[in-house]
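> Got a predicted model here, sequence first, then my questions.
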Amino acid sequence: MSNFSISVRNHDLATVLHISGFLDAHTAPQLESRLESLIKDGVYKLVVNFDELDYISSAGLGVFMVFIEEVRSNEGDIKLVQMKPKVFTVFDLLGFPMLFDILDNEDEAFVRFSEKGGSQDSSSDAEQDVNDSSEIRRGPQ
Amino acid sequence: MAAFKPNRICVPGSTSELHRVRAFVEARARQCGVGEQGVYNITLAVDEACSNVIRHAYKHDQGREFCVTIEINDNELIIEISDSGDAFDPMTIRTPNMKEYFENFRHGGLGISIIRRVVDKIEYLPASAGRPFNILKLIKSLRD
């Protein structure tokens, strides 16, 4: 039984992955495989839309960590948008907003990509302790 | 076929079973009066613990089962995850420094960090002569 799905669409400024369902240790390999395939094809500007994602565990968080260094080293980024509050809570628990742009919607992500480079400058943020992440976090309003 | 008892579920050691464990935990936690965010956090902690059993203790061997039991005692929700794999005490694992983790773009190894953040107490009982199962206890206070 698969309770997770991914759809991909191209936008002028980035490629959007729309994920839905439950992202756990069982389904995370599907997302990892899809991202790996895109990146192998030279797609480095990625937006992941979470609005239909109901659940994420550490296996899901780990997928984004696998690729973030490679996309940023190629002047791209993985921007995360439209998270439900309960999903954002999991990212926030471990301080992921220090490293990732977590934005309200796709348009915000496209604007960031249209700016210089498009990737989040995490160098100064990463110097903050995880406990201070509330000052820099972005999440569902 | 999973065996259901009122407060217990036993499933094969496969990640494809995680959604059934989560559904069980969610339903029982709600019955115990836990709020929505609490239900989500408890479910997440159990998911992480069961994922560790499947991956590390059973190495994805679907021929082996693990069980999850939920009960309330003195305003505490007590979840026990029992397995017959190699003993693995999560409390012996050093949780990563997240600043260092992000700076080095590491990945994996965050399940225990999540468990520690969302439950109030963790206990681990390795299998013994009188009890051939390891038991991981996750305890969450129901007091606000």
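Nice, thanks for sending it over. Numbering: from 1, shown residues only, chains lettered A, B, ... in the order given.
> pLDDT at A:S5, what is it?
Looking at A:S5, its pLDDT stands at 98.
> show me the contacts for it.
Going by CB atoms under 8 Å, 6 or more residues apart in numbering or on different chains, A:S5 touches A:19-21. C-beta coordinates here come from the backbone N, C-alpha and C atoms, glycine included.
> Wasn't it part of a strand?
Yes - under DSSP: H, G, I helix; E, B strand; the rest coil, A:S5 falls within a strand.
> Could you check how far it is from chain B?
14 Å (CB to the nearest CB, to the nearest Å).
> That residue and A:T27, how far apart?
Relative to A:T27, A:S5 is positioned 9 Å away (CB to CB, to the nearest Å).
> Likewise for A:S33?
11 Å.
> okay, and for chain B, where does confidence drop off?
B:1-5, B:144 (pLDDT under 70).
> What segments of it are strands?
Remark: strands assigned in chain B by DSSP state E are B:3-5, B:8-12, B:65-73, B:76-83, B:121-125, B:134-141.
> hmm, back to that, what touches both of A:S5 and A:T27?
Shared contacts of A:S5 and A:T27 (CB under 8 Å, 6+ apart): A:G21.
> can you tell me if stretch A:29-42 touches chain B.
No - using CB under 8 Å from any CB of the partner chain, stretch A:29-42 stays clear of chain B, with a minimum separation of 9.1 Å.
> the helices in chain A, which residues?
Remark: helices assigned in chain A by DSSP state H are A:28-40, A:58-73, A:85-93, A:106-114.
> need those helices in JSON lines with mean neighbour count, mean pLDDT and distance to B:I9, can you?
JSON lines is the format used below for these (neighbours: other CB atoms under 10 Å in any protein chain shown; pLDDT from 0 to 100; distance: least, CB to CB, whole Å):
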{"stretch": "helix A:28-40", "mean neighbour count": "16", "mean pLDDT": "98", "distance to B:I9": "22"}
{"stretch": "helix A:58-73", "mean neighbour count": "20", "mean pLDDT": "97", "distance to B:I9": "20"}
{"stretch": "helix A:85-93", "mean neighbour count": "20", "mean pLDDT": "96", "distance to B:I9": "22"}
{"stretch": "helix A:106-114", "mean neighbour count": "18", "mean pLDDT": "96", "distance to B:I9": "39"}
